[in-house]
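S.K.: Attaching a predicted model along with its sequence, questions to come.
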Amino acid sequence: REPRPITHLGLGQAKAEKIASNRRYLLPDGSPTHGRGSSSGANVLAREAPEGTIDPWLKTLSFWDGDHPVVALSSYATHPMSYYRTGEVSADFPGIARARRQQETPGCLQIYVSGASGNVTAGKYNDGARANRAALADRLHAAMVAAWHATRRQPLATLAFRSTTVRLAPREDAGFTESDLQKKLVPGVAIREQNLAALGLSWRQRSAAGQPIDVPLIDFGSAQLLQLPGEIYVEYQLAAQRMSPDSFVFVAGYGESATGYLPTEQAWAERDRNLADWCWVAPGSEQPMLDAIRRVLQPPTQ
């Protein structure tokens, strides 16, 4: 209703301290487990193990009208959850941090998105106590403020949209075939199992129809805003950044939700227990996904 011209782009980032940890950690015998959830509860091993593979940087991409900030878009790769399964609808600790930033910058719209964080949680730093929601919010807010202070503005001279597609096969292992899923859509089966089966069948129908997944990107020249599908693992975000080491690659996850988790091949090999139900793509998806990211990051040759 009140459009504003955008003349400048702002790029800022800062490390977020004591928030994210990978689901994967090593047990005392050296074997891997992928069992670190958003809340570690009484799992002392999950809290004491190293953070593992994460992207420690919170990034803020901002849009300016001269000297006046109009929008600040921040992304950090972790599940946005502290305590949950209470029946309430909540933006949890990122919502608290974002709202605080909004109060601090009333003329600039603050938006927060989760990065590629299918296998990243706050479990190392959260035992589920309700007080931890405020503590995590404080840490995220501190990173948002630090990224804002680190922001460097530059004229916005380039703006381009690109998109590519990727095709990922449906799972065919036990419990995920069409007949297995159809058997769960009957009275008497737990509602959760019926819901999961319906999601799996929806994905299979899309795949059979040849409908691909879009991987879109907005290119600002010195920065790229990349949208990745599903609950994709953080390794894909880190790979995208390595593919364009001289650019500010801003990743938003959870774009196309039909895949469920979008894991790495290592996760399959290690029998990541999270893939027991909330994942409808078959093993072998990693390379096609990396190829799609590489394609969309590369500007077309003149």
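M.R.: In hand now; what should we look at?
S.K.: Residue 40 and residue 25 touch, don't they?
M.R.: No - the pair residue 40 / residue 25 is not scored as a contact, 10.2 Å apart, by CB atoms under 8 Å. Any C-beta I mention is one placed from the backbone N, CA and C, and that applies to glycine too.
S.K.: which residues are common contacts for the two?
M.R.: residue 46 (CB atoms under 8 Å, 6 or more residues apart in numbering).
S.K.: Please enumerate the strands of the stretch 101-250 of the chain.
M.R.: Assigned by DSSP state E, counting those that start in this stretch, the strands in the stretch 101-250 of the chain fall at 109-114, 120-121, 152-155, 160-166, 213-219, 223-227, 231-232, 248-252.
S.K.: Give me the residues contacting the fifth one.
M.R.: Strand 213-219 is contacted by residues 158-168, 224-229, 255-256, 258-259, 292-293, 296-297, 299 when judged by CB under 8 Å, 6+ apart.
S.K.: list the buried ones in that strand?
M.R.: Of the residues in strand 213-219, 213, 215, 216, 217, 218, 219 count as buried by neighbour count, 16 or more other CB atoms under 10 Å.
S.K.: What confidence value was assigned to the fourth one?
M.R.: Here, the pLDDT recorded for residue 217 equals 98.
S.K.: beta partners of it?
M.R.: Beta bridges link residue 217 to residue 162, residue 226, judged by DSSP bridges.
S.K.: how about the residue sitting nearest the centre point of the chain, what does it touch?
M.R.: For the chain, the residue nearest the mean C-alpha position is residue 116 (2.7 Å; CA atoms, centre = their mean). When contacts are counted by CB under 8 Å, 6+ apart, residue 116 touches 55, 77, 228, 232, 233, 234, 235, 236, 237, 251, 253.
S.K.: Between these, identify the one with the most neighbours.
M.R.: Sorting the contacts of residue 116 by how many neighbours each has (other CB atoms under 10 Å) puts residue 233 first, at 31 neighbours.
S.K.: re the thing from before, closest one to residue 61 out of the buried residues of strand 213-219, please.
M.R.: Nearest to residue 61 among the buried residues of strand 213-219, counting by CB to CB, is residue 218 at 9.6 Å.
S.K.: where's the closest one relative to residue 148, distance?
M.R.: Residue 218 is 21 Å from residue 148, where distance means CB to CB, to the nearest Å.
S.K.: and what of residue 166?
M.R.: Separation of residue 166 from residue 148 (CB to CB): 34 Å.
S.K.: Same check on residue 68?
M.R.: According to CB to CB, residue 68 and residue 148 sit 14 Å apart.
S.K.: Same check on residue 226?
M.R.: Following CB to CB, the distance that separates residue 226 from residue 148 is 21 Å.
S.K.: The two: which is more packed in?
M.R.: Taking neighbours as other CB under 10 Å, residue 226 and residue 148 compare with residue 226 leading, 26 against 21.
S.K.: how about that one, what does it touch?
M.R.: Shown in contact with residue 226 (CB under 8 Å, 6+ apart): 215, 216, 217, 240, 249, 250, 251, 252, 293, 296, 297.
S.K.: could you redo the last one with a cut-off of 10 Å?
M.R.: Shown in contact with residue 226 (CB atoms under 10 Å, 6 or more residues apart in numbering): 115-116, 162, 215-219, 236-237, 240-241, 244, 249-253, 255, 293, 296-297.
S.K.: again, but for residue 42
M.R.: Residues near residue 42 by CB under 10 Å, 6+ apart: 127, 128.
S.K.: Could I get the buried residues of strand 213-219 in JSON lines, plus columns for distance to residue 15?
M.R.: Below are the buried residues of strand 213-219 laid out as JSON lines (distance: CB to CB, whole Å):
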{"residue": "213", "distance to residue 15": "31"}
{"residue": "215", "distance to residue 15": "27"}
{"residue": "216", "distance to residue 15": "28"}
{"residue": "217", "distance to residue 15": "25"}
{"residue": "218", "distance to residue 15": "25"}
{"residue": "219", "distance to residue 15": "26"}
